[in-house]
Every structure is written in C-alpha cells, then in structure tokens.
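1. Fold the stuff below for me.
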Amino acid sequence: MFEPKVREALDRALIAHLTAVTPDGQPQTTPVWFLRVEDELWVYNRPTTRRLASIESNDRVSVVLRGDREAHGAVTIEGRARIDRDVPPADQRPDYVEKYATQIAGLGWTPESFAADYSVGIVITPTRVRAWGLDHVIAAEEPVG
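-> Now for the predicted structure:
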C-alpha cells in the first residue's frame with residue numbers, strides 16, 4: 001500500500017501524530033513513536049493509556065507525519081487499529097531499538113525497561129494514504145517548529 005517515498009518518510013520520521021476517538025466521541029491526537037512493519041504501523045503503549053479504550057470502542061484512527069519546517073511534504077494515513085498483545089516486545093525488534101536508541105537512552109530507559117513500560121502493541125492497517133511534496137523527504141533530524 002505504501003509507495004516508496006512514503007515508506008522512506010515513515011522509516012525516517014521519529015514522531016507521528018496518532019488520532020483516536022474517545023468513547024464519548026472526542027478526537028484525541030498524541031505524538032507517538034512508531035515502526036513501519038511491511039504495510040502496517042506498530043505503536044507500543046503503556047497498558048493504562050486511554051488510547052487503548054478509545055481503540056476498543058472505535059478502531060478508526062488517523063496518523064499524520066508533518067512536513068518539514070517549511071511544510072514541504074506530509075503524509076496522512078487513515079486506517080483501522082487493533083490492540084495486539086502478541087506483537088513482539090519492542091526490545092525484541094532490532095529495527096525499533098535501532099530507530100529509537102537515542103531517545104530511549106536519553107529518557108533513562110534501556111530497551112528492556114522501555115518494553116516493560118510500553119508493553120501493549122497497537123497495529124494500524126491503513127485504508128487510505130495521502131502524501132504530497134515528498135520530493136523533499138521528511139527528515140528525522142529536522143526540528144519541530
């Protein structure tokens with residue numbers, strides 16, 4: 001489902017904005033760490049996060065990668081999310097550990113302690129992908145602002 005430039009943008013970006021709808025109908029957007037696994041996105045969560053209840057009541061979500069500072073390029077993904085407690089823990093995904101090693105260490109975690117804290121997986125299956133301006137592919141090192 002993902003075109004090559006969208007895959008590249010997803011693989012490079014460190015933060016995506018995930019929107020889920022609360023049981024009372026309020027959209028809630030949260031910045032999240034994520035991993036593209038084939039044509040799905042995986043997000044690891046604390047077991048007590050409200051996002052899990054939102055997805056249990058309404059599995060429709062959206063994910064947005066912002067463009068760079070000048071708004072070059074963006075990706076929006078609409079999809080269905082499922083809580084999957086059987087996804088491999090984050091510390092057993094070398095690609096996840098490599099992607100977020102600096103952030104994990106900077107926040108005082110080890111890969112193992114992060115995986116223990118963020119032990120519940122959400123798997124997002126896209127139903128619609130829109131991307132524009134990816135000639136300048138979204139870079140992980142570009143500051144937000």
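2. ok, residues contacting stretch 87-107?
-> Outside stretch 87-107, the residues within contact range by C-beta atoms under 8 Å, 6 or more residues apart in numbering are 14, 33, 35, 42, 44, 110-112, 114-115, 118-119, 121, 123. The C-beta positions use only the backbone N, C-alpha and C, and glycine is treated the same way.
3. Check which residues of it are buried.
-> For stretch 87-107, the neighbour count (16 or more other C-beta atoms under 10 Å) marks 87, 89-91, 93, 96-97, 99-100, 104 as buried.
4. Any idea how far that stretch is from the middle of the chain?
-> Relative to its chain's centre, stretch 87-107 lies at 13 Å (C-alpha atoms, centre = their mean, to the nearest Å).
5. same check, this time on stretch 121-130
-> That offset, for stretch 121-130, works out to 9 Å (C-alpha atoms, centre = their mean).
6. okay, the helix or strand hosting Ile104 in CSV with CA atoms only?
-> If you go by DSSP states H and E, Ile104 is part of helix 94-106. Extracted C-alpha coordinates of helix 94-106, given in CSV (Å, rounded to 0.1, in the frame of the first residue of the first chain):
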residue,chain,number,x,y,z
PRO,A,94,16.1,-4.7,16.4
ASP,A,95,14.7,-2.2,13.9
TYR,A,96,12.7,-0.5,16.6
VAL,A,97,15.6,-0.4,19.1
GLU,A,98,17.9,1.0,16.4
LYS,A,99,15.3,3.7,15.4
TYR,A,100,14.8,4.9,18.9
ALA,A,101,18.0,4.0,20.7
THR,A,102,19.0,7.6,21.3
GLN,A,103,15.5,8.6,22.6
ILE,A,104,15.3,5.5,24.8
ALA,A,105,18.6,6.2,26.4
GLY,A,106,18.0,9.9,26.7
